[in-house]
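J.: Sequence and predicted structure, then a few things I'm wondering about:
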Amino acid sequence: MKWANVEVDGQVWSALIEDGQACLLEEGCLSRTLGDLAGAEDKARSGRRVKLEDVRYLPPVIRPGKILAIGLNYAAHVAESVSFISNDAPEVQKWFNKQTTATNAHGADVHLPKVSSQLDYEAELVVIIGKRARHVPPDRAMEIIAGFACGCDYSVRDWQKASPTMIMGKGFDTHAPFGPYLVTPDEVGELDGLGIRAYVNDDLRQEATLGQMIHTIGNQIAHLTSAFTLEPGDVIFTGTPAGVGAGRTPPAWLKVGDRVRIEIDRVGTLENRVVAEPGDTRIG
């Protein structure tokens, strides 16, 4: 199943996506039903149907409690990152957080920051948590996953390098788009052989398979839940393969007008356009 938050005629709905339509479940965001999407299926199918061209996608989780991301999780990306992040793979999983205000949707604009020109892309599989859990062993990780989505971990490289935690360079507003919907684990099936790709203006920049991750999703969830509780609506970015802009000579930074498309087999396609960050001061 594919589930999304959509806007129809100014109202937010959770919806089952199938056959080119959004089957509207109820007004309000999807977070309320993440723990029992199977139970909501029949109700959604019996409700109002809207053509997908008449909806605007919102993030599958509109305001995540946590956005967690693992760094250096593909060997080829570790190798290319020597010049701008690190010299070798970390012995322990390397985690950082993206701010919840970075949350963004398929089709929405991504800001080129006022304070930097070094905007980069990172194609990633995103995991959306569906159940509250602590101390989850790797072989039970799928039990707490509501679904998967395409994501792009936009990174402001000079700000990332300036802080050992990477938080400032990873947390800019609009820089955590994921979607367009979440796909349930039963529909995605085995992950390892699935391809992940990033295109900038139709130019293929990244290509790998999910099985090339250094730390599996099961091991990621086990590691995180050994320290703190994961809750429904938490979002995990699972790492990026080689081919990022910073790894090229010269670096290929994104610019205003660029379109970035992330594709993951059996998960979907996420596309966003880069625009100049608005220059106004906003208080309140």
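T.: Yep, it's here. Remember, it's a predicted structure, so these values are computed and weren't measured experimentally. Residues are numbered from 1 along each chain as shown.
J.: Hmm, Asn1 is touching Glu187, no?
T.: Not quite, residue 1 is Met, not Asn. Yes: here Met1 lies in contact with Glu187, judged by Cβ atoms under 8 Å, at a distance of 6.0 Å. In short, each C-beta sits where N, CA and C put it, glycine included.
J.: Among the two, which residue is more densely surrounded?
T.: Set side by side, Met1 and Glu187 show unequal neighbour counts under other Cβ atoms under 10 Å, the larger going to Met1 at 17 against 12.
J.: The more buried one - nearest residue in space that isn't next to it in sequence?
T.: Once flanking residues are discounted, Met1 sits nearest to Thr184: 4.7 Å by Cβ to Cβ, 6 or more residues apart in numbering.
J.: where's that neighbour relative to Val267, distance?
T.: When Cβ to Cβ, to the nearest Å is the yardstick, Thr184 and Val267 sit 11 Å from each other.
J.: So for the two, which residue has more residues nearby?
T.: Under the criterion of other Cβ under 10 Å, the comparison of Thr184 against Val267 puts Val267 first, with 25 against 18.
J.: what sits against Thr238?
T.: The contact partners of Thr238, by Cβ atoms under 8 Å, 6 or more residues apart in numbering, come to Ile70, Asn73, Glu124, Leu125, Val126, Val127, Met213, Ile217, Gln220.
J.: just the buried members of those?
T.: With burial judged by 16 or more other Cβ atoms under 10 Å, the buried subset of the contacts of Thr238 is Ile70, Asn73, Glu124, Leu125, Val126, Val127, Met213, Ile217, Gln220.
J.: With distance to Val244 as extra columns, can I get those in a markdown table?
T.: A markdown table is the format used below for the buried ones among the contacts of Thr238 (distance: Cβ to Cβ, whole Å):
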| residue | distance to Val244 |
| --- | --- |
| Ile70 | 15 |
| Asn73 | 13 |
| Glu124 | 11 |
| Leu125 | 16 |
| Val126 | 17 |
| Val127 | 20 |
| Met213 | 16 |
| Ile217 | 21 |
| Gln220 | 20 |
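J.: Give me the contact list for stretch 192-199.
T.: Stretch 192-199 has contacts (Cβ under 8 Å, 6+ apart) with 121-125, 152, 188, 204-211, 241, 243, 260-267.
J.: pretty sure Arg134 is touching Thr225, no?
T.: Yes: taking Cβ under 8 Å as the definition, Arg134 is a contact partner of Thr225 at 5.2 Å.
J.: Secondary structure element holding Gly151?
T.: Secondary structure from DSSP states H and E places Gly151 in strand 145-152.
J.: Quote the end-to-end distance of stretch 45-64.
T.: Using Cα to Cα, to the nearest Å, one end of stretch 45-64 lies 26 Å from the other.
J.: Show me what counts as buried in it.
T.: Within stretch 45-64, the residues scored as buried using 16+ other Cβ under 10 Å are Gly47, Arg49, Val50, Val55, Tyr57, Leu58, Pro59, Pro60, Val61, Ile62, Pro64.
J.: Not counting sequence-adjacent ones, nearest residue to the last one?
T.: With sequence-adjacent residues excluded and distances taken as Cβ to Cβ, 6+ apart, Pro64 is closest to Val235, at 4.4 Å.
J.: Distance of the one you found relative to Ser31?
T.: Taking Cβ to Cβ as the criterion, Val235 is separated from Ser31 by 11 Å.
J.: So for these two, which residue has more residues nearby?
T.: Using other Cβ under 10 Å as the criterion, Val235 and Ser31 rank with Val235 on top: 25 against 20.
J.: Give me the residues contacting stretch 276-284.
T.: Outside stretch 276-284, the residues that touch it by Cβ under 8 Å, 6+ apart are His111, Leu112, Pro113, Lys114, Asp173, Val256.
J.: Go again with 7 Å.
T.: Where contact means Cβ atoms under 7 Å, 6 or more residues apart in numbering, the residues beyond stretch 276-284 that reach it are His111, Leu112, Pro113, Lys114, Val256.
J.: correct me, but the third one touches Asp158?
T.: No: in terms of Cβ atoms under 7 Å, Pro113 does not count as a neighbour of Asp158; the distance is 10.0 Å.
J.: got any residues that touch both of these two?
T.: In contact with both Pro113 and Asp158: no residue, using Cβ under 7 Å, 6+ apart.
J.: So the two - more neighbours on which side?
T.: Pro113 (19 against 15).
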